[in-house]
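Engineer: build me a structure from this.
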Amino acid sequence: MAIFKVKAGRVSAEVNTARFESQYKKAQQKLNMLVVADSTPHVPIKQGQLRSQVRYPEGLSGEIIEWYAPYAHYQYSGEVLTDEKGRTYVEAGTPKTVHTGRALNYHEPDTGDHWFERAKQENGKKWIDTVKRIAGGGK
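Structural biologist: Numbers count the residues shown, from 1 in each chain. Down below sits the predicted model:
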C-alpha cells in the first residue's frame with residue numbers, strides 16, 4: 001500500500017492506492033489462472049506430469065508462470081537435442097548439447113511446442129478484457 005501526499009498552493013490531498021493494488025493483484029491472479037487453463041490443452045502429454053508441474057508467480061512480482069518439469073524447456077522449444085554422440089537429450093544447456101534443427105513429434109492432437117503462444121493467439125483478447133474489467137474494479 002502506498003499513500004501519496006500532494007500539495008499545490010493551499011490545496012493538499014492524500015491518495016491511498018490500497019484499493020487499486022488489491023484490484024491489480026486480483027487481475028493478475030485471474031490472468032495467471034486463465035493462461036494456465038487455456039495453455040494446458042496444448043501442453044504435450046504422455047503421463048500428465050508436465051501439465052501438472054506449473055509454478056504461479058506471487059502477487060505482482062513480475063515473475064512469470066513456469067512449467068518446471070526438467071524437460072519442460074525441451075518440450076517447449078520443440079527441437080530434438082542430442083549429446084555429441086547423437087543420444088537424445090531432454091535439457092538444453094547440458095554440456096555439449098547439439099541442436100539438430102529437427103522438430104519433436106507430438107502424438108496427442110492439438111499439443112506441441114510454444115503452447116503459451118498458441119493459447120495467447122486464441123485467447124489474448126479474452127485475457128486483456130478480463131484484466132481490464134477486474135483491474136478497473138469490476139468482478
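Engineer: which parts of this protein are helices?
Structural biologist: 18-39, 49-52, 72-77, 115-135 (DSSP state H).
Engineer: deepest of these, which one?
Structural biologist: Most buried of these, by mean neighbour count (mean count of other C-beta atoms under 10 Å): helix 72-77, with a mean of 19. To be clear about C-beta, it is placed using only N, CA and C from the backbone, and glycine gets the same treatment.
Engineer: quick one: that one to chain centroid distance?
Structural biologist: On the basis of C-alpha atoms, centre = their mean, to the nearest Å, helix 72-77 is displaced by 14 Å from the centre of the chain it belongs to.
Engineer: let's have the helices of the chain in JSON lines, adding mean pLDDT and distance to Ile3.
Structural biologist: Shown next, in JSON lines, are those (pLDDT from 0 to 100; distance: least, C-beta to C-beta, whole Å):
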{"stretch": "helix 18-39", "mean pLDDT": "91", "distance to Ile3": "8"}
{"stretch": "helix 49-52", "mean pLDDT": "94", "distance to Ile3": "42"}
{"stretch": "helix 72-77", "mean pLDDT": "92", "distance to Ile3": "41"}
{"stretch": "helix 115-135", "mean pLDDT": "96", "distance to Ile3": "20"}
